[in-house]
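**Student:** make a model of this:
(one chain, ligands or ions: 2)
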Amino acid sequence: MYQVQTLNHISPKGLEHLGANLFALDNEGSKPDGILVRSADMHNMELGPQLLAVARAGAGTNNIPVADCSQRGIVVFNTPGANANAVKELVLAGLVLSGRKIAQGIAWAQTLIAQTEPVAKLVEKGKKQFVGPELAGKKLGVIGLGAIGVKVANMATHLGMEVLGYDPYISIDAAWNLSRSVKHCVNLSDLVNQCDFITLHIPATADTKGMVNAKLISQMKHGVRILNFARGELVNNVDLISALKSGRVGAYVCDFPCEELLGVEGCVCLPHLGASTPESEENCAVMAAQELSDYLLDGNIRNSVNFPSVSMPRGEGNRICVIHKNVPGMLAAITDVANKAGLNIENMTNKSRGDYAYTMLDVTGLVPDEVGSGLLALPDIIRVRVL
Ligand SMILES: NC(=O)c1ccc[n+]([C@@H]2O[C@H](COP(=O)([O-])OP(=O)(O)OC[C@H]3O[C@@H](n4cnc5c(N)ncnc54)[C@H](O)[C@@H]3O)[C@@H](O)[C@H]2O)c1
Ligand SMILES: O=C(O)[C@H](O)COP(=O)(O)O
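**Tutor:** Numbers count the residues shown, from 1 in each chain. Ligands and ions are numbered 1, 2, ... in the order given. Predicted structure coming up:
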């Protein structure tokens, strides 16, 4: 029986994939084998030695100590694309909100109740303060053309916008899915200096944190409207607020409110609603639960952010799963231990990713305990499981 701890509310449709005969679900989870998480911050959590995997029901993994997990042989999964449509639809709202002063207009309309003049008259007198531009014919810059960025870029072409995209690491899949009318920018300056609207769809990493700062803003068009449905950390808020005050930035629509942004004119804050649809919560939960179950029960890895994708159909016999460093001689050393124990290796697979690698062997014959301890005694072996 595997213990699975849920750190956030996870859609019950996903949890159904963790059958009660094999998995015990628990919010507290003193010694979980697996963790299911959304945005809960895990950086200061103590992760026990028994923890095998963390599955993020969502895209961003900056709330998880991924590097530490890698060193300890804890596989971290996410659910690529499972909430992309939900975010795309909210970006559509964000585009309109950033141009048409809707949030400000709604707030103002609410104040009319206390006035002496008829509301309809006040509306017609006051509406001119909320005039804002249309999207059609304007230029939209999409930074990051992954699962969400591609959907946003394609959608914007259907709104009559001219779309420019920037992503130096674009995947082949994403490139195939991108509308041919999206203009490819090879550097960021080329994108930011011509766009009326800019939308961010990149992960928060050491390289991207604070990338929207005074320097980048100074290269943007005067009055540019910026949308951030990716992560708050991507934007230097002090620089952004000063640009909103000077009018250099016309509006900032952001899914990540924080103390300094609230109440700033021109800033529209949403409470991290990008993935908050029943459809997306369900998609993410189902995918995360399946990834976790497949790894815990069969050792297969799909959609990990720190280990390679490795899977084999399960046959008869036992499976030995080894997480190790990506260094020469590991395969020979692992198979040597299996051979010495008299095991016949029926199938074997090995893949590496950066500094780490993963090897699975399907063997016939009972696997004696010495195999596990023998493998763990080898240098550069991080974790061994016999399933
Ligand atoms: N608001 C929300 O609720 C919500 C929901 C889902 C995702 N997100 C955020 O959006 C981000 C993107 O999600 P996704 O599903 O599209 O992820 P993704 O991994 O499919 O796409 C990210 C893209 O960013 C690109 N990229 C990385 N660094 C870049 C850089 N410096 N410049 C340009 N491009 C760069 C990558 O090549 C990739 O194509 C997530 O990491 C997460 O932080 C927010
Ligand atoms: O990275 C993500 O997938 C989003 O930020 C969604 O986060 P949530 O699952 O907490 O809504």
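**Student:** quick one: the residue in the stretch 51-200 of the chain that ligand 2 sits nearest to from E117, how far?
**Tutor:** Relative to ligand 2, the nearest point of the stretch 51-200 of the chain is G58 (2.6 Å; C-beta to the nearest ligand atom). Quick note: C-beta positions are derived from backbone N, CA and C, even for glycine. Per C-beta to C-beta, to the nearest Å, G58 is found 48 Å from E117.
**Student:** higher neighbour count, the two?
**Tutor:** G58 (25 against 9; other C-beta atoms under 10 Å).
**Student:** picking that back up, helix, strand or coil: sort out the residue of the stretch 51-200 of the chain closest to ligand 2 for me.
**Tutor:** Following DSSP: H, G, I helix; E, B strand; the rest coil, G58 is assigned to coil.
**Student:** after whichever helix in the chain runs longest, which helix or strand is next? Please name it.
**Tutor:** Using DSSP state H to define each element, the chain has its longest helix at helix 278-298. Elements were assigned by DSSP states H and E; along the chain past helix 278-298, the next helix or strand is strand 318-325.
**Student:** just want the angle from the helix or strand following that following strand to strand 318-325.
**Tutor:** Heading C-terminal from strand 318-325, the first helix or strand you meet, by DSSP H and E, is helix 330-340. Our comparison of helix 330-340 with strand 318-325, counting by axes from the mean of the first three to the mean of the last three C-alpha atoms, to 10 degrees, yields an angle of 150 degrees.
**Student:** quick check: neighbours of the next helix or strand after helix 330-340 in the sheet, parallel or antiparallel?
**Tutor:** Elements were assigned by DSSP H and E; along the chain past helix 330-340, the next helix or strand is strand 344-353. Applying DSSP bridges, strand 344-353 is found paired with strand 356-364 (antiparallel).
**Student:** residues of the strand it pairs with that come out buried?
**Tutor:** 356-363 (16 or more other C-beta atoms under 10 Å).
**Student:** tell me the one of those residues nearest ligand 1?
**Tutor:** Out of these, the member with the shortest distance to ligand 1 (by C-beta to the nearest ligand atom) is Y356, at 19.6 Å.
**Student:** isn't the closest one up against S304?
**Tutor:** No. The pair Y356 / S304 is not scored as a contact, 10.1 Å apart, by C-beta atoms under 8 Å.
**Student:** stretch 294-310: which residues count as buried?
**Tutor:** 294-296, 298-301, 303-308, 310.
**Student:** which residues of this protein lie near ligand 1?
**Tutor:** Counting by C-beta under 6 Å from any ligand atom, the chain comes close to ligand 1 at 58-60, 80, 83-84, 87, 143-149, 166-171, 174, 201-204, 207-208, 229-231, 255, 272, 274-275.
**Student:** H324 contacts M360, correct?
**Tutor:** No. With contacts counted by C-beta under 8 Å, H324 stays clear of M360, the gap being 11.7 Å.
**Student:** and the pLDDT at the residue of the stretch 1-150 of the chain found nearest ligand 1?
**Tutor:** With C-beta to the nearest ligand atom as the measure, G146 is the residue of the stretch 1-150 of the chain nearest to ligand 1, at 1.7 Å. Reported pLDDT at G146 in the predicted model: 98.
**Student:** who's in contact with it?
**Tutor:** By C-beta atoms under 8 Å, 6 or more residues apart in numbering, the contact set of G146 is 80, 167, 170-171, 174, 201-202.
**Student:** cool, and N306?
**Tutor:** Applying C-beta under 8 Å, 6+ apart, the residues contacting N306 are 66-67, 69-70, 75-76, 353, 356.
**Student:** ok, now which ones touch the residue lying closest to G81 once chain neighbours are set aside?
**Tutor:** Excluding the flanking residues, the one nearest G81 by C-beta to C-beta, 6 or more residues apart in numbering is A147, at 3.8 Å. A147 sits next to 59, 80-81, 84, 174 when contact means C-beta under 8 Å, 6+ apart.
**Student:** in three-state terms, label Q5 for me.
**Tutor:** Classified using three-state DSSP, Q5 is strand.
**Student:** that one touches I35, doesn't it?
**Tutor:** Yes. Using C-beta under 8 Å, Q5 is in contact with I35, at 5.0 Å.
**Student:** looking at these two, which one has more neighbours?
**Tutor:** It is I35, of Q5 and I35, that has more neighbours when counted by other C-beta under 10 Å, with 25 against 20.
**Student:** in a helix, that one, correct?
**Tutor:** No. The assignment for I35, made by three-state DSSP, is strand rather than a helix.
**Student:** check what pLDDT it gets.
**Tutor:** We have a pLDDT of 98 for I35.
**Student:** just G315 next, same as before
**Tutor:** At G315, the pLDDT recorded in the model is 85.
**Student:** residues contacting it?
**Tutor:** Counting by C-beta under 8 Å, 6+ apart, G315 makes contact with 346-347, 362.
**Student:** what does the helix or strand containing G374 contact?
**Tutor:** Assigned by DSSP H and E, G374 falls within helix 369-377. By C-beta under 8 Å, 6+ apart, the surrounding residues in contact with helix 369-377 are 320, 322, 334, 337-338, 340-341, 343, 381, 384, 386.
**Student:** residues from the stretch 151-300 of the chain in reach of ligand 2?
**Tutor:** 274-276.
**Student:** in PyMOL, how would I select the buried members of those residues?
**Tutor:** Listed next is the PyMOL selection for buried residues among those, using 16+ other C-beta under 10 Å:
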select buried, resi 274+275
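**Student:** which one of the residues of the stretch 151-300 of the chain next to ligand 2 sits closest to ligand 2?
**Tutor:** Checking those one by one against ligand 2 (C-beta to the nearest ligand atom), the nearest turns out to be A275, at 3.7 Å.
**Student:** next, the residue lying closest to the closest one once chain neighbours are set aside: phi, psi?
**Tutor:** Spatially, and ignoring its direct neighbours in sequence, A275 is nearest to N83 (3.8 Å; C-beta to C-beta, 6+ apart). The phi and psi torsions at N83 (degrees, to the nearest 10) take the values phi -120, psi 10.
**Student:** in contact with N83, which residues are there?
**Tutor:** Contacts of N83 (C-beta under 8 Å, 6+ apart): 58-59, 274-275, 277, 280-281, 283-284.
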